[in-house]
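> Model the following, please.
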Amino acid sequence: MVGSALVRRLEAEGFTNVLKRDRSQLDLTDESAVAKFFADEPPDVVVVAAAKVGGIKTNNEYPVEFLLENLRIQNNIIRSAFEAGARKLLFLGSSCIYPKFAPQPIPETALLTGPLEPTNEAYAIAKIAGIKLCQAYAREYGATFISVMPTNLYGPNDSFDLETSHVLPALLRKAHDAKTRNENKLIVWGTGKPRREFLHVDDLASACLLLLEKYDSPEIVNIGCGEDITVRELAELICGVVGFNGELVWDATKPDGTPRKLLDITKIRALSWQPTIPLRQGIAQTYEWFLANRAVR
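Got it, this is the predicted structure:
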C-alpha cells in the first residue's frame with residue numbers, strides 16, 4: 001500500500017528513474033540478494049516501505065515472525081543502501097513504537113519512555129531497531145538517514161484479509177460482507193472505546209516527498225492528521241459509506257489494544273505540510289477501490 005502510493009506520487013511529480021521491486025522479484029530477507037540488487041543498480045535515494053505488517057490478531061499470534069522478518073528486511077536494506085553510496089534514505093516506522101500510555105498527542109520525544117502495547121510489541125521493537133540503526137549510521141558515518149513515524153494508514157492496495165488486516169480495512173470488509181449477505185448484525189472486536197487517528201496513504205506519500213526534499217535530521221518525525229475518533233465512530237462511519245444498516249455488536253472479550261494513539265504533528269506542520277483528504281472522503285475512495293479490485297462478485 002505505502003510503496004505503491006509513493007510510486008504514484010513520484011511519477012506524478014515527474015520522477016522517471018524509479019527503481020522498484022515487489023516480493024516476487026526480490027526477497028528482502030535474503031541478505032545476498034539485497035546486496036546484489038543495490039550493487040547492480042545503486043540508487044541515489046532509498047525509501048524503506050517494505051515490512052511484514054498486520055493487525056492485532058496476527059501481531060499477537062506470530063511475534064517471532066514479526067520480529068525476525070522485519071529485522072532482516074530493514075537491516076539488509078539500510079546496510080546495502082549505505083554500502084552502495086545512497087545519498088539519502090527514508091525509513092518508515094510506525095506509531096506503535098510509542099509507549100502504550102504515552103502522553104496525547106504523542107510527541108517524538110515519547111520514544112522509549114515506557115512499556116509498549118503487548119499485542120504488537122514484536123513489530124514495535126523491530127521498528128525501533130530500524131530507527132536506531134538509521135541514527136547510528138548518521139552518528140558514526142554522517143549518513144543522511146531519516147525516520148518517519150506514520151499514524152494508522154489506509155487507502156488503495158491495503159490488505160482486506162480479515163485474518164491479517166488492520167482495523168479500518170477489516171471493518172470495511174466486514175461491513176461489505178454483512179451487507180452483501182443481508183445480515184442484520186456486525187460483530188466488531190473490542191469495546192469500541194479506543195481512539196485512533198487515520199491518514200490516507202496518498203497524504204503520507206506527499207509528506208515523505210517533502211521530507212526527502214527538506215529534512216535531513218536523524219531525529220524522528222511524526223506524520224498524521226492531528227485528529228482522532230473512537231473505533232465505534234469509525235465503524236459507524238464505515239457502515240454509512242458501505243450502506244450497511246444493521247446493528248453493531250461489540251465483542252469485549254477481544255483486545256482493544258492501546259487506549260489512544262494521536263500523534264503530535266508539530267514538526268511536519270512546521271515544514272508547511274498538511275493532509276488534504278478528509279476521512280469520510282478517503283474511506284469512500286478506498287471502498288470504491290475495494291469494489292473494483294478486491295470484492296468477490
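> Report the mean per-residue pLDDT for stretch 111-121.
Stretch 111-121 carries an average pLDDT of 94.
> Repeat that for stretch 59-74.
On average, the pLDDT along stretch 59-74 is 95.
> again with stretch 127-136
pLDDT averaged over stretch 127-136 gives 98.
> give me the element the closest residue to Lys20 other than its chain neighbours is part of.
Nearest residue to Lys20, sequence neighbours excluded (CB to CB, 6 or more residues apart in numbering): Val7, at 6.0 Å. Bear in mind the C-beta positions are built from the backbone N, C-alpha and C, glycine included. Val7 is part of helix 2-12, with elements assigned from DSSP states H and E.
> got it, and Val188?
strand 185-189.
> sorry, back to before: show me what counts as buried in the helix holding Val7.
Residues 2-7, 9-10 are the ones in helix 2-12 that count as buried (16 or more other CB atoms under 10 Å).
> Quick check: the two most widely separated of those residues?
With CB to CB as the measure, no two of those lie farther apart than Val2 and Leu10, at 12.5 Å.
> all strands of the stretch 1-150 of the chain, in order?
Assigned by DSSP state E, counting those that start in this stretch, the strands in the stretch 1-150 of the chain fall at 45-48, 88-92, 145-150.
> Show me what the last one is packed up against.
Put plainly, it is strand 145-150. If contacts are counted by 3 or more CB pairs under 8 Å, 6 or more residues apart in numbering; DSSP states H and E, strand 145-150 sits against helix 63-83, strand 88-92, helix 121-141, helix 201-214, strand 221-223.
> Turn those into JSON lines, including distance to Asn17.
Output for these, formatted as JSON lines (distance: least, CB to CB, whole Å):
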{"stretch": "helix 63-83", "distance to Asn17": "16"}
{"stretch": "strand 88-92", "distance to Asn17": "15"}
{"stretch": "helix 121-141", "distance to Asn17": "24"}
{"stretch": "helix 201-214", "distance to Asn17": "14"}
{"stretch": "strand 221-223", "distance to Asn17": "25"}
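> Looking at those, which is nearest to Pro255?
The nearest among the helices and strands packed on strand 145-150, by CB to CB, is helix 121-141 at 12.7 Å.
> Give me the packing partners of that closest one, helices and strands only.
So helix 121-141, by 3+ CB pairs under 8 Å, 6+ apart, packs with helix 63-83, strand 88-92, strand 145-150.
> how about the worst-scoring helix or strand of the chain on mean pLDDT: buried residues?
When the helices and strands of the chain are scored by mean pLDDT, DSSP states H and E, helix 56-61 comes last with a mean of 84. The neighbour-count check on helix 56-61 (16+ other CB under 10 Å) flags 56-60 as buried.
> from the chain's centre, how far out does it sit?
Chain-centre distance of helix 56-61: 16 Å, with CA atoms, centre = their mean, to the nearest Å.
> got the CA coordinates for it in PDB?
Taking Å, rounded to 0.1, in the frame of the first residue of the first chain, the C-alpha atoms of helix 56-61 are listed here in PDB:
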ATOM      1  CA  ILE A  56      -3.800  -7.100  16.500                       C
ATOM      2  CA  LYS A  57      -4.600 -10.700  15.800                       C
ATOM      3  CA  THR A  58      -1.600 -11.600  13.600                       C
ATOM      4  CA  ASN A  59       0.800  -9.400  15.600                       C
ATOM      5  CA  ASN A  60      -0.300 -11.200  18.800                       C
ATOM      6  CA  GLU A  61      -0.100 -14.700  17.300                       C
END
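> so what does it touch, helix or strand wise?
The contact analysis (3+ CB pairs under 8 Å, 6+ apart) places helix 56-61 against no helix or strand.
> again, only this time at 10 Å
helix 63-83, helix 121-141, helix 167-180 (3 or more CB pairs under 10 Å, 6 or more residues apart in numbering; DSSP states H and E).
> For the shortest one, enumerate the helices and strands it packs against.
If you count contacts as 3+ CB pairs under 10 Å, 6+ apart, helix 167-180 packs onto helix 56-61, strand 152-154, strand 185-189, helix 231-242, strand 247-251, helix 279-293.
> How about it, which residues are buried there?
Here helix 167-180 shows 167-179 as buried, counting by 16+ other CB under 10 Å.
> What of stretch 287-297?
Neighbour-count burial for stretch 287-297 flags 287, 290, 294 (criterion: 16+ other CB under 10 Å).
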